[in-house]
Structures are given as C-alpha cells and as structure tokens.
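Engineer: Quick check, what structure comes out for this input:
(chains A and B)
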Amino acid sequence: MPSPQRYVEIKTSTPIYWSLIVVLAAIALIGIAAAHHMDTEGHHITGMSNQIVWGLPHVFAIFLIVAASGALNLASMASVFSRQEYKPLARFSAILSIALLVGGLAILLLDLGRPDRLIVAMTNYNFKSIFAWNIILYTGFIVIVGAYLWLMMERRMHRWSKPAGLLAFIWRLVLTTGTGSIFGFLIAREAYDSALLAPMFIVMSFAFGLAVFVLLLLLSFKLDRRELGISQLQRLRKLLGLFTAAVLYFVIIFHLTKLYGTQNHDFEHFILLEGGIYTQLFWIVQIGLGSLLPMALVYAPALQTSSKSLVLASLLVILGAFAQLYIIIVGGQAFPLNIFPGYIVESSFFDGVINDYTPSLWEFLLGCGGVTSAVLITLLAIRVLPIMPDGLPEQVQ
Amino acid sequence: MSTELDNIELRPARRRFLKGAAALATTLVAPGVMLYKTGQAANDNGKSIRWGLVIDSNAMSESDVDACVSACQREHGWKTTANSATDAQWVRKVSLRDAESGHQRFLPMMCQHCDNPPCVDVCPTGASFKRADGIVLVNRHTCIGCRYCMMACPYKARSFIHEVLRDQLPVAPRGKGTVESCTLCVHRIDRDGADAVPACAEAVNRGDRKAILFGNLNDPQSEISQRLRQLGALKLRADMGLNPGIRYQGL
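Structural biologist: Numbering: from 1, shown residues only, chains lettered A, B, ... in the order given. Here you go, the predicted structure:
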C-alpha cells in the first residue's frame, strides 16, 4: 500500500515567487484604482454605453466565475466519483475555485453603477431575478467549498469530506446553470433566449477551469521544484482535449439551432459572416486558436509527453474562452433589437444599427485586476496552508 | 435673547443639525406617504386602474415627435449632449421606413409600461417595480446600477446615467450610476389622476385631435378604451406576451 500523500506549504525562498507576488499585487491595486476612477467619473469613460451595457469587465468576470466552478472538477472527481488518482490535487482544486470566484465577483461588484450599494444588493432580494439567485449561489459556493476544503484538510473530519464534496459538486452545477441562465433567460435578444446556454456554460466551465488549473498547478510545482509524474500530466491532457471538444460540440449545436429557423438568420449572418471583429474572433480565435489548435496539441502523438504543449494548449483554451465570452456578451448586444419587424428603423438611440464598442483601458485594467487577484489569493494560500502535495512522482507499478 | 444665542459660535452647527434632522425626517416619512398614496389608489379602485397611452402615428408628423421629445426633456430635465451613445433618452424619435414601398413614418418610443415587465423580473434588488396602477418605475434609492434590466428590456427603453448630473428637477430624481426611463409623468398622474396629461401628449394634442391619448385602460368607459375598441391598436412585440400599456395606431 502506498504511503499517505503528504501536503506541504510551498517554500518561498525563491525570488521568483516574491517578484510574482509583488507584480500580481501591483496589478490588482491598479485594477482597484481603475474601478475607483470609473466610479468617480461615471461609466462614460469606459467603452460601455446605453447600447452595449455590459462590456469587457463582464467578459473577465464571467470567465473567472465560469472557470471557478470548473476548477473544482478535480476535487469532485476524487470525492464524488472516487477517482483516487485526482485526490492529491483536490485541495488545490478547491482553493483555486474559491480564488477565481472571488476575483470574478470583485470585478462584477466594482463595475456596478453604485458599488457602494453592496449592502442594498445583500439585503433586498427579488427572488424572480436570476441575478438575485446568483448572489446567493456565489456566496453559498464560497462557504460550501471553504468548508469542504477544511474537511479535507482536517484528518479527524475526513470522513465528512465526501458528502461535502457531493454538495459542492451539485452546488457548482447549479451555480453555472445560473450563470448561463443570466443570458439564456433574456427572451428579447436573439443572441440569447436559449436553454442551451445553461448546459453550454457548464461544459465551458469544465474546459476553462481545467485550463486555469493546469497552468497554476504547473507554475506552483515549478516554483517549488516539485515533481509531477508524466501519467498525472497525461490525465489532465486527455481531460482538456475532451472538454474542449465538448464545448465545440455545444457551440456547433447552438449555431445550428439558430440557423435552422429563418427568424435568426440575420443574427447568425452577423456572427458567422459579416460581424467584423465578432466574426474574426469567432472563426480565428474561438474556433481555430481556442478549440482546434489545442485539441491538435493535446492529441498529437508526438507531443504526448511534452508539458510545454499542455501549457500552450491551456493558454489557447483560455484565449478562446475570452473570445467566446466576448462574442456572447458584447456581440450579442451589438446586434440590434428587432422591435419593428419588417421596417428599416432609425433613431437617435441607435435603433436598427450594429452597435459600436471599443473597450477602454480602465475596463481592461479592472478585468486584469480581477484575474491577478485570483492568482494572488491562490499563490498566497498555497504558501500558508498545506494544500499542495509535496510531489506527485510517477508511481512505480 | 435669541439674538444673543444666534450670535454665538454654535449657530452654524445647530443650523446644520436642524437641517439634517429635517432632511432625515423627510427621507424617512416621505416614502411612506408616497407608498400610502399609491396603495390607496389601488385599494380604492380595486383592479380598475391601469394607466396607458394610445399613440396615433397617422396623426403625428416628424415635428410632432420632436415636440414630444423636447417636452419630455423640459419636464424631466434630461438633455442631449455630444455623447450620444451614453446620453439618457427617456423618449426617442424612431423613423420607420417600409423596405418595399419606401413609406416613412415617425413614432415616439418610450418605456412601454408592460403588464409583465421583464425589467422587473430580472432586477436583483427589486428597484425596478410596477405600481398597482401599471406604471413601471425604477426606485433610484435601491438601484445598484447592474444594467440587467437594460439587457432584458425588449424595447431599449432604459438609460444608464454615465456622468455626474447637476441641477436635477424635483419631479425627476436622477443620479449617476443608476438606470432610468419614462415614468409616464407619474408626478402629474399622482396630482391629477384621470385628468392628467403626460408632457409628451400635452406637446402634440390640439383641441380634439389627440395624437397621444392618456387614460385608464381598465375602465371600459374611458376615452382611451373606447378608441381602442373602435379603432384598435398594436402592441409592440406582442409575441412576447408582455402586454404593454403603450399602444400604437397606424402601424
């Protein structure tokens, strides 16, 4: 029987670790400063408008929130599906998912028109609003995964970690259903209004969360020069390929469904053929660089043992994720509402035209601040808590 | 004696305190009074009140629609600036051209005061709400500026305030970081009831020619109900089943 897995705080003697912490903290602070500037000046300094009401901050935030629930996957596989080979990574999986969610929520909060009214949002609930459900789902996620992490780390409580893992798994499925439904329930816009968005967001979370997990796992192991066996890498590689393919499947079905009915032809024509930046992002970044290329990198027989190809594939999946969310969130609003079918519509309020959106530096900085906060929380947590396995060398058969 | 007291250093502080106390009392009491009035309107009349408009596009020229927009701006204090993409527009002039015949008409387009408003459904804090008399409003005290209502509105009726505002009018409390839209001139309705005339209607109606007719959709005897019965009118995006309170004739 193999000796029990040891978990050790990562050592911080390396100057790389501390320089990384300083850089991440600096970017997070710049993000907060950018949000403060947006708050004092008003949103007119951003690229957002009365036409594109959600912009780049929401792309960053939704990415982090979707990835957060996906990052919990590895822990779920160990606790819920009894896959022992993933167990050593379960703690890291849990802490990463909390960190990503906190980063995403910070962006959403700081982008509000009145972030100072957080207390209003926490005390006034309209239970028909999917947003209100999400406030409960997000805070619940942090509490449940936090408890789950503690149960995994406290040996005396260990037997409770399995039911807690099951609860966390169900909660995360509901949570991502909620995130997808923010868009799926919007009946008025042709880009949304689809129940398919909820399961598609769940599958997206598998892929995005795993890509972030792989990058931060390899980074942390490298920072502390810990050993990561080839079979562990192989498993992550196969999962990444599978999840990326699953996202692609949902994307194809989503567009095919819209293409079949004549009423959505204009919208599909816009996204797939003549949408300018959105069309380019779709074909080149989301499909080419973000789906097909990572799948090639993951499945190419010659690259099976290369961790560099896995890193590159993960980076590409994240790049494709940003493109996909940009198309869904911004592209969906850029396409005009069809209030007067059959008429050529014009107004001073941009009726009937494709809406422009150029993200501002402030929005970008706020988004980056959220991402770096998530990474910062993760790197600090694995320094102060015994979360990382001391090594995952290749098991001798 | 009072002059002596007034002259001492405490005076400004005391005045500020009294002002503050008065403001606090107003803030606490005023919403209660408002709610009481609204509640009363509903209770007195049961389900008999639903305010709405019928807009006759055949009776409106382009300049009539412009007059509607200007009247609303004057009434509520919103302005058109150089930043057209971020300017608030409570009502806008929409030009509709038939693609085949080339026939063109102009309409004022504003909040449609839906019976089943999606903005109210999605609002996380309940700041978007529908009054008992059917008017859809935003409570500017609990709006957190998330803009989900703007994503959900099928009519693009809402505006987010992107800039710091000054010199707002008392009838239209507005502020940076919150969402707003047409109130159906609720301040006039609360004052005049069924005799109220919203500013846009006032700007275009002349004598018996009422291009915009305001009234109670639930009262079969009201002028608006009679006109709807005789001439009919279109609900925009009726396919969504939202049952808007604004109806259009001539489309």
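Engineer: Would you pull up the residue in the stretch 151-300 of chain A closest to chain B?
Structural biologist: residue A:188 (3.4 Å; Cβ to the nearest Cβ). All C-beta atoms are positioned from the backbone trio N, CA, C, and that covers glycine.
Engineer: Surely that residue is in a strand?
Structural biologist: No. Per DSSP: H, G, I helix; E, B strand; the rest coil, residue A:188 lies outside any strand segment and is coil.
Engineer: For the residue in the stretch 101-250 of chain A that chain B sits nearest to, which non-adjacent residue is spatially closest?
Structural biologist: For the stretch 101-250 of chain A, the residue closest to chain B is residue A:113, as judged by Cβ to the nearest Cβ, at 1.8 Å. Nearest residue to residue A:113 in three dimensions, chain neighbours excluded: residue B:145, at 1.8 Å (Cβ to Cβ, 6 or more residues apart in numbering or on different chains).
Engineer: Was I right to think residue A:385 contacts residue A:10?
Structural biologist: No. Under the criterion of Cβ atoms under 8 Å, residue A:385 makes no contact with residue A:10, lying 9.9 Å away.
Engineer: Which one's more surrounded, the two?
Structural biologist: residue A:10 (22 against 15; other Cβ atoms under 10 Å in any protein chain shown).
Engineer: need the helices for the stretch 101-250 of chain B, in chain order.
Structural biologist: Counting by DSSP state H, counting those that start in this stretch, the stretch 101-250 of chain B has helices at residues B:118-122, B:148-152, B:186-192, B:199-204, B:223-231.
Engineer: To what extent is residue A:129 buried, counted in neighbours?
Structural biologist: Residue A:129: 24 neighbours (other Cβ under 10 Å).
Engineer: which residues does it contact?
Structural biologist: B:121-124, B:148 (Cβ atoms under 8 Å, 6 or more residues apart in numbering or on different chains).
Engineer: any idea how far residue A:121 is from it?
Structural biologist: Distance, residue A:129 to residue A:121, by Cβ to Cβ, to the nearest Å: 11 Å.
Engineer: Identify the contacts common to these two.
Structural biologist: residue B:124.
Engineer: Skipping adjacent residues, who's closest to residue A:340 in space?
Structural biologist: Nearest to residue A:340 is residue B:96, by Cβ to Cβ, 6+ apart, at 5.6 Å.
Engineer: any idea which element the one you found lies in?
Structural biologist: For residue B:96, the element it lies in under DSSP states H and E is strand B:91-98.
Engineer: domains for chain B, by residue range?
Structural biologist: Chain B breaks down by automatic domain parsing into domains covering B:2-41, B:47-249.
Engineer: from these, which stretch is densest packed?
Structural biologist: Among these, domain B:47-249 has the highest mean neighbour count (mean count of other Cβ atoms under 10 Å in any protein chain shown), at a mean of 19.
Engineer: From the chain's centroid, how far away is stretch A:155-174?
Structural biologist: How far stretch A:155-174 lies from its chain's middle: 21 Å, per Cα atoms, centre = their mean, to the nearest Å.
Engineer: swap that for stretch B:78-97, please
Structural biologist: In terms of Cα atoms, centre = their mean, the centre of stretch B:78-97 is set 15 Å apart from its chain centre.
Engineer: Same check on stretch B:73-91?
Structural biologist: The answer for stretch B:73-91 is 14 Å, by Cα atoms, centre = their mean.
Engineer: Now do that stretch: distance from first to last residue.
Structural biologist: 9 Å (Cα to Cα, to the nearest Å).
Engineer: average pLDDT across it?
Structural biologist: Average pLDDT, stretch B:73-91: 93.
Engineer: is it true that residue A:237 touches residue A:298?
Structural biologist: Yes. Applying Cβ under 8 Å, one finds residue A:237 in contact with residue A:298, separated by 5.3 Å.
Engineer: ok, residue A:273 - how many residues close by?
Structural biologist: 10.
Engineer: And the residue nearest the centre of the chain?
Structural biologist: Assuming you mean chain A. The centroid of chain A falls nearest to residue A:67 when counting by Cα atoms, centre = their mean (2.7 Å).
Engineer: Actually, chain B is the one I wanted.
Structural biologist: Central residue of chain B (Cα atoms, centre = their mean): residue B:183, at 1.0 Å.
Engineer: quick one: it from chain A, how far?
Structural biologist: Distance of residue B:183 to chain A, given as Cβ to the nearest Cβ, to the nearest Å: 17 Å.
Engineer: List phi and psi for that residue.
Structural biologist: The phi and psi values for residue B:183, taken as degrees, to the nearest 10, are phi -100, psi 10.
Engineer: contacting residues around it?
Structural biologist: B:76, B:90, B:111, B:135, B:137, B:172.
Engineer: and if we set it to 10 Å?
Structural biologist: B:72, B:75-76, B:90, B:110-111, B:113, B:135-138, B:171-172, B:189, B:198 (Cβ atoms under 10 Å, 6 or more residues apart in numbering or on different chains).
Engineer: Among those residues, pick out the one closest to residue A:343, please.
Structural biologist: Checking the contacts of residue B:183 against residue A:343 by Cβ to Cβ gives residue B:110 as the nearest, at 17.8 Å.
Engineer: Tell me the pLDDT of that closest one.
Structural biologist: 98.
Engineer: For it, which residues count as its bridge partners?
Structural biologist: Here residue B:110 sits in beta bridges with residue B:91, going by DSSP bridges.
Engineer: Report the buried residues of the helix of greatest length in chain A.
Structural biologist: In chain A, assigned by DSSP state H, the helix with the most residues is helix A:230-260. When neighbours are counted by 16 or more other Cβ atoms under 10 Å in any protein chain shown, the buried residues of helix A:230-260 are found to be A:232-233, A:235-237, A:239-241, A:243-248, A:250-251, A:255, A:258.
Engineer: ok, now stretch A:162-174?
Structural biologist: Quick answer for stretch A:162-174 (16+ other Cβ under 10 Å): A:162, A:164-165, A:167-169, A:171-174.
Engineer: which stretches of the chain have low pLDDT?
Structural biologist: Picked chain A for this. Within chain A, the segments meeting pLDDT under 70 span A:1-3, A:396-397.
Engineer: wrong chain, I was asking about chain B
Structural biologist: B:1-47.
Engineer: Let's see that with 50 instead.
Structural biologist: For chain B, the stretches with pLDDT under 50 are B:1-10, B:32-33, B:35-46.
Engineer: and residue A:374, how many neighbours does it have?
Structural biologist: 29.
Engineer: tell me the contacts of it?
Structural biologist: Neighbouring residues of residue A:374 by Cβ under 10 Å, 6+ apart: A:24, A:28, A:64, A:67-68, A:71, A:96-104, A:106-107, A:212, A:216.
Engineer: ok, 7 Å please
Structural biologist: If you count contacts by Cβ atoms under 7 Å, 6 or more residues apart in numbering or on different chains, residue A:374 has them with A:64, A:99-100, A:102-103.
Engineer: Is residue B:104 in contact with residue B:94, as I believe?
Structural biologist: No. Using Cβ atoms under 7 Å, residue B:104 is not in contact with residue B:94; the gap is 10.9 Å.
Engineer: Which of the helices or strands spans residue A:98?
Structural biologist: helix A:90-111.
Engineer: thinking again about what came up before, assign the residue of the stretch 101-250 of chain A closest to chain B to helix, strand or coil.
Structural biologist: Recorded secondary structure, residue A:113: coil (three-state DSSP).
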